[in-house]
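S.K.: pasting the structure only:
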């Protein structure tokens, strides 16, 4: 992290010590806490995520903007504060962050901002439920999403369940490949469909254990080859059927077009429409994905840290 950036970023003593000692850390976004779940469910979800990460031997690092200062590794009090603030606290990606930072504001941070900051702090692993890509029907006409842009630049591993199902998965997959991002499938040969387990876009390599995923990332890291995305399918017991999900997405897209929804308003509109259509099932599944991915991320981070430590001592 450069000196200028250090003026605006506070790494908690807990996370700073872990990074300095080579212990595993998992960076986590905070958007779900302010704009995805009501209080106190958002707080209990965040606490459960942190518990899962710690149980696997890693340190959880929720990242947010508090009083004009970026905090990497929220304390219990800070986690409670941002959860209690809810929708009154804006959410920020990289493009919104400078203005909020300059204004001394609070903000939860989306995946692209977390990817950027985790890389700057030397954190090797990030976990989230899913990432943004390109809306269906826009392939070839738009630049990559903020998530894709930051992932392409960040020398780390992202654990997620693929692109959100409202998006063009194949177009997103092509952009990852063009950016040199290695795409791993956790126990799967195709990129998961977020709410459903299967998809049509092939992954580069299948990894069947956290150790295999860590080994692949370790060698890519050693060669300086950029980022890795580890796609973790939804739990078999709660995943949606592909046909049911596709029907919901098509209806949501049609509703957005009828109502003239465009720009940044499209994604939250579609997600809320699908949540209502599924009777809240999609939101509950997103929470399960976050739990699953945080646990896997911690396992991979622990294995990766062990490999890095062994390399240094040889």
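M.R.: Perfect, thanks for sending it. Owing to the predicted nature of the structure, the values given are computational and were not obtained by experimental measurement.

S.K.: which pLDDT value goes with the spatially most central residue of the chain?
M.R.: Centre of the chain computed as the mean C-alpha position; nearest residue by Cα atoms, centre = their mean is residue 128, 2.8 Å away. According to the prediction, residue 128 has pLDDT 96.

S.K.: I'd like to know how far it sits from residue 269.
M.R.: To residue 269, residue 128 is 20 Å away according to Cβ to Cβ, to the nearest Å. The way it works is simple: take the backbone N, C-alpha and C, and place the C-beta from them, glycine included.

S.K.: same thing with residue 300?
M.R.: For residue 300 relative to residue 269 (Cβ to Cβ), the value is 34 Å.

S.K.: of these two, who's got more company?
M.R.: With neighbours defined as other Cβ atoms under 10 Å, residue 300 and residue 269 compare such that residue 300 has more, 34 against 18.

S.K.: and the more buried one, what does it touch?
M.R.: With contact taken as Cβ atoms under 8 Å, 6 or more residues apart in numbering, residue 300 is in contact with 125, 157, 159, 210, 213, 214, 217, 230.

S.K.: buried among those? Make that a ChimeraX selection.
M.R.: Buried residues within the contacts of residue 300, by 16 or more other Cβ atoms under 10 Å, are selected in ChimeraX with:
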select :125,157,159,210,213,214,217,230
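
S.K.: the contacts of residue 300 in strands, which ones?
M.R.: Judged by DSSP state E, the subset of those located in strands is 125, 157, 159, 230.

S.K.: so the residue nearest to the centre of the chain sits against residue 293, correct?
M.R.: Yes: assessed by Cβ atoms under 8 Å, residue 128 is found in contact with residue 293 at 6.7 Å.

S.K.: name the residues contacting each of these two.
M.R.: In contact with both residue 128 and residue 293: 159, 160, using Cβ under 8 Å, 6+ apart.

S.K.: let's verify residue 63: helix, strand, or coil?
M.R.: Assigned by DSSP: H, G, I helix; E, B strand; the rest coil, the conformation of residue 63 is strand.

S.K.: for the lowest-mean-pLDDT helix or strand in the chain, packing partners?
M.R.: For the chain, using mean pLDDT, DSSP states H and E, the weakest element among its helices and strands is helix 266-277, scoring a mean of 81. With contacts taken as 3 or more Cβ pairs under 8 Å, 6 or more residues apart in numbering; DSSP states H and E, helix 266-277 sits against helix 242-258, helix 281-313.

S.K.: ok and that helix relative to helix 281-313, angle-wise?
M.R.: Computed by axes from the mean of the first three to the mean of the last three Cα atoms, to 10 degrees, the angle separating helix 266-277 from helix 281-313 equals 120 degrees.
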